Every structure is written in structure tokens, then in C-alpha cells.
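> Got a predicted structure plus its sequence, pasted below:
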Amino acid sequence: MAARRFLYVIVAIIVLILGAGIVWTLFPETVMRWTFVPTISFSTPPEAGAPDYSEPGAWLSRPGTPDDPADWLPPGVPGTARTKAVVFFVPPTTYLSRAHWNAPIDDQEMDRRAHVLVPTEVSTFSNVARVWAPRYRQATVGAFLTTKPDSAKALQLAYSDVARAFDAFLNQAPPDAPIILAGHSQGSYHLLHLLHDKVAGDRRLRRRILAVYAVGWPVSVATDLPALGLPACDRPDQHGCILSWESYAEPADAAQLRLRYDAGIGFTGQPRAHTPALCVNPLTGTRDGAAPASANLGALKPNDGYKSATLTPHLVPARCDPAGLLLIGPPPADFGRAVLPGNNFHVFDYALFWANIRADAARRLDAMEKHHR
């Protein structure tokens, strides 16, 4: 009898697992909304919880920060001297809780995830620049899975922190130093608003922009780009331009990305629906380019449960499709648990092209310095 009851339990568990798998397969967006979208209403957090960017603790990365994420390098990559250039990097979403619409600035889980992911991103620029990356009350991941008004309020609160951090960065960084603006995911969402609000109309500041790496957030060529004050990067030696891409393995299903993208209004005030997104291939540094895996100087392949990474040359190719997706061929091995539905390699937008981005920034800085001379 006991053995029979045990078998019943095992069968019940198998049925539950299979049922959960079927629900996830058929309705992944619905499952993600149930899991991540807060059920509470948005409320403005106390002003006392806002980060003070005159304080070192308000920065995830800044010159002089102990254990600075920008100092991380994969094994075998030598440290290199930095130039006078500076980076303002806006980190991606690492707050996954549905307890709040915006992360408390001292949330430990958010910080732990940031210390796993952000070093693989900000370190791409450490050979050419000193990095500033603010902590901010980022919108929870569920804010990107709903059209509730609460979502817009959460994103606006997060942007208000980023905008104040950018002002503090300009005050703290050396005057007239070339500036790289970079971000990922939610970070790129806020970065594009910064570009529109604070850079596009400021000629002197605009002349200091080395490049804008708005990675992991789509930029409409027709209804965003004309209002951002800088052109797309058409050449690998061009400076003062914008790069953007969203990485997908094939076969790619970007329905979830397009759903939010097509519902949005661009910075020109016109709908983004059915317009192609900007795709600058990180392997070539050119708009709408294509390159084989042999052009990949080194991707970061995760090890030991994402606790470390190995620089692996020639791992994936990359080509821009007509809609603006960056396609990397069949899914590479050992990235599985962080790959999103639809073969979306969003988490690895920087890691897959780490060495090429590093070379890209150095090349554009060299071109900018030659131009100014």
C-alpha cells in the first residue's frame, strides 16, 4: 500500500511538471505576467529612498570604487591602460520581484544579480575609458510585461534617478573628456531618453559623444532616430553615432518584443508600429552588416553557474535581418537557462560580442582623436 501511494505521488508530480511545461509552451507571456507583474498599485516611494549621487555608495561602478565591476576581465585578457575617455553606463534590469513596482535602492537580490551580469558588460569599455554606472530604483521586470499605467509611472521614477545620475556624472567626470553612453535593456531605454532630453539639443555636449551603445532595446529607424540628435553608425571608424542590436538565435521568434515595440510612440511623436529597428552589427561595426563566426574576436561563455566566463573566439556569427534583429545562427551550447522564449539571447547581448565591442570602442576613439587633431 505504501509503495502504491508513493507511485501515485510520483505520477502526480510528473503530471504537474508536464502540465506546467505545456502551459509554459502555449502561453509563455501569460505565465511571465503571472510571475512578475505586481498586483499592487504604484505608489511614489519616500524621497528618503532616492540615491544621492554625490555619495560613492550610489554608484555600482565609479573610479575608485572597491571591487569595481569595470575592473573585471576574463582569464587571459591583460589589463590595458585607459585613456581620458569616460563611460556613463546604465545597468539592465536585475530586480525581478513583484513586491514593488520599483526596486528599493538597497535590495540585496537586485545587487547580487547586478554583480554577476554587469561586470561582463561594463568591462567591454575598460580598455578605453573610466566607467560610471549608477545604482537606481529600476522598474521591476514585470513593468515590461504589461501596459498598465503603473508600468509607465515605474519607468518614469527609474528615469528620474538616471537623469540625476547623469547630471552628477557630468559634474564629476573630467571636463571635455570624450563620452561613451552605454546601457543594456532597461538601461538602454533610459539612455535613449537621456539622449533625447539632455544631449540632442546641447551642441557642445553632443560633440563630446564618442558613441552611444543602446543595446538590447529597439530603436526605430523611422520614428526614434531622427529625434535623437546623432546618426546611426554606418562605418566602423565613425564617431558621434548610435549602435543598437537585439540578439536572437535561429529560428527567432520576436513576437513578444514586437508586441511592445509596435504599441509604442517614437521620439518623433509617430507610431513605431511596423517600422524596422536599428541594427548595427557588433562584429563589423556597420549598419545592417553581416559577418561569419570567424570575425568574432571573443564571446564570453559562462562557466560554473554563471560565476565566471571564458573568452571564446569564433563562437557565433551575426547578421542583421530586415526587421532589425541581430541573428546569431543556431543556439550556441551552454547558455540554456538564461535564454528567453523565442531563442532570445537578450541576456548575452554584450557577452556574445565582448572582444569586438572592446575593439569597436577603441577604434572609434582613435578616429575621434584623429578628427580633433
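Alright, I've got the coordinates. Residues are numbered from 1 along each chain as shown.

> who's in contact with P322?
P322 makes contacts with P276, as judged by Cβ atoms under 8 Å, 6 or more residues apart in numbering. Heads up, the C-betas are built off the backbone N, CA and C, glycines and all.

> measure the closest residue to I265 other than its chain neighbours to A263 for me?
Among residues not flanking I265 along the chain, P271 sits closest, at 5.9 Å (Cβ to Cβ, 6 or more residues apart in numbering). Distance of P271 to A263, given as Cβ to Cβ, to the nearest Å: 9 Å.

> what do you get for V347?
From V347 to A263 the distance is 23 Å (Cβ to Cβ).

> who are the neighbours in contact with the residue nearest to I265?
T223, D262, G264, I265.

> R272 is in contact with the third one, correct?
Yes: taking Cβ atoms under 8 Å as the contact criterion, G264 and R272 are neighbours in contact, 4.8 Å apart.

> Look at those two and report which has more neighbours.
R272 (24 against 13; other Cβ atoms under 10 Å).

> Phi and psi next, for the more buried one.
phi -80, psi -10 (degrees, to the nearest 10).

> part of a strand, is I180?
Yes: per DSSP: H, G, I helix; E, B strand; the rest coil, I180 lies within a strand segment.

> State the three-state secondary structure for D366.
helix.

> Count the neighbours of it for me.
14.

> ok, so what distance separates the residue lying closest to it once chain neighbours are set aside from K370?
Counting by Cβ to Cβ, 6+ apart, D366 lies nearest to D237, which is 7.8 Å off, once chain neighbours are set aside. In this view, D237 and K370 are 9 Å apart by Cβ to Cβ.

> Those two: which is more packed in?
D237 (14 against 10).

> May I have the secondary structure class of the more buried one?
coil.

> May I ask you to confirm that it is in contact with A361?
No: counting by Cβ under 8 Å, D237 does not reach A361; the two are 11.9 Å apart.

> which residues does the nearest residue to F353 once chain neighbours are set aside contact?
Nearest-residue entry for F353: P282, 3.9 Å, with adjacent residues in sequence omitted and distances by Cβ to Cβ, 6+ apart. Residues in contact with P282 (Cβ under 8 Å, 6+ apart) are L243, W245, A318, L326, F353, N356, I357, D360.

> what's next to stretch 136-144, contact-wise?
Taking Cβ under 8 Å, 6+ apart as the rule, stretch 136-144 contacts 33, 35-38, 45, 49-51, 90-91, 93-98, 100-105, 110, 150-151, 154-155, 157-158, 161-162, 165, 186, 260.

> Any of these buried? List them.
Buried residues within the contacts of stretch 136-144, counting neighbours by 16 or more other Cβ atoms under 10 Å: 36-38, 45, 50-51, 90-91, 93-95, 97-98, 100-103, 105, 110, 150-151, 154-155, 157-158, 161-162, 165, 186.
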